[in-house]
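Q: the following block contains a protein sequence and its predicted model.
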Amino acid sequence: MRRRLLQALALGALAPLAACAPPISLNATFLQLWLSHLDLTADDWRRRIAAYRRLGCREIFLQWTGLEGGRPDDWMAPKAMLDAIFDEAERSGLGVHVGLPYDQRWWNMLASPDDAALAAYLDHTRDRGVAYMQSAAWSKRRNFRGWYLPYELEQYNWSRPQRQALLVPWLDAFARAAQASSYRVPTISTYFSRLGGDGSLTQLWSRVLDHVAIHPMIQDGVGVAGLANYQALEPLHDMLLKRRASFDLVMELFEELPSGSTDGTTFKARSADFDRVKQQWQVARGYGAKRVVAFTVDPWVIGDTPEARALMRAWMAARV
């Protein structure tokens, strides 16, 4: 209750600034749905989505519509909650991209050397994802903007030709189902892995785009690796520009805290400071991306932590 009250006060603080242009020109934000979101009322969603709009967003990317894979924390977002998001987004003039249910075994399967097991897993997730696209009614909503595949691609786990031979038809099946159900190309995130190896994002994405109609979203990685991560992404960025491929840039609005782990199992983070966000935006302005997408406004800007409140105050104080 206290958290909801604090967040309501933070969202309410944005109201007098509705007519002011935000200093960071975002096009969209991701929204990660968790079980805790089931507690939100229609008014909670209204305030939250109105805040997205006032911060500059015109679209929402639902990272997933559920978690599956046989774990205790598996869950699926109920239709009523997704309807509320679509309804409030439409009232605020926002489009919605819908992420497929996410199978939580993804990273464990990639870590295994068993390519046959990976192939079976990819077949399963493909069948589940395609079936969801074909049966879910979200693509018929007026403010539906496309499907999002909630699996991140990087060069470390997909360096071997054998694995790429599994990946390309898997992506193509999603792409064909997405266009059949919505006439829109699906999106998927990609990032540069800090793990060692001789894999190349440029080579991976050249092969993918030669065969699949899909829209990459480049995660800038600043929340983890700092601004120097743009250098690691430069070859991929140059390749996409050279082939005139459409792509998005994902700005990370958090700063990851040291944990001694690289597999995400002990992930800890806090909201980025405004100077870091401004530096990312300076890069984004001339990056050539179709959209600049925040990861994520909630909770890193409209959350109830001291760091989130400081970021929001600085963001809005710098309005022009």
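A: Looks like it arrived, so ask away.
Q: so residue 32 sits against residue 296, correct?
A: Yes - using CB atoms under 8 Å, residue 32 is in contact with residue 296, at 6.4 Å. C-beta here means a position set from N, CA and C on the backbone, and glycine is covered the same way.
Q: settle it for me: which of those two has more neighbours?
A: A side-by-side neighbour count of residue 32 and residue 296, using other CB atoms under 10 Å, places residue 296 first with 23 against 16.
Q: and that one, what's its pLDDT?
A: Note for residue 296: predicted pLDDT of 95.
Q: all the strands of this structure, residue numbers only.
A: Along the chain, the segments classed as strands by DSSP state E run 28-31, 59-62, 66-68, 75-76, 95-99, 102-103, 144-153, 187-190, 215-219, 248-252, 254-256, 269-271, 292-295.
Q: share the number of residues neighbouring residue 316, please.
A: 18.
Q: now residue 212
A: When neighbours are counted by other CB under 10 Å, residue 212 registers 21.
Q: surely it meets residue 168?
A: Yes - Residue 212 lies in contact with residue 168 (CB under 8 Å); the separation is 6.3 Å.
Q: would you single out the least confident of the strands of the chain?
A: Note on the strands of the chain: strand 254-256 shows the lowest mean pLDDT, a mean of 89.
Q: what is that one packed up against?
A: helix 222-225, strand 269-271 (3 or more CB pairs under 8 Å, 6 or more residues apart in numbering; DSSP states H and E).
Q: pretty sure residue 305 contacts residue 269?
A: No - taking CB under 8 Å as the definition, residue 305 is not a contact partner of residue 269, at 10.5 Å.
Q: now render the helices and strands packed on strand 254-256 as CSV, adding distance to residue 159 and mean neighbour count.
A: Below are the helices and strands packed on strand 254-256 laid out as CSV (distance: least, CB to CB, whole Å; neighbours: other CB atoms under 10 Å):
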stretch, distance to residue 159, mean neighbour count
helix 222-225, 19, 21
strand 269-271, 27, 19
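Q: distance to residue 115 added to the ones you listed, as TSV?
A: Below are those laid out as TSV (distance: least, CB to CB, whole Å):
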stretch	distance to residue 115
helix 222-225	28
strand 269-271	33
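Q: in the stretch 1-150 of the chain, where is pLDDT below threshold?
A: Residue ranges of the stretch 1-150 of the chain with pLDDT under 70: 1-23.
Q: at 90 instead, please
A: 1-26, 70-71 (pLDDT under 90).
Q: enumerate every residue touching residue 171.
A: With contacts taken as CB atoms under 8 Å, 6 or more residues apart in numbering, residue 171 has the following neighbours: 149, 188, 208, 212, 214.
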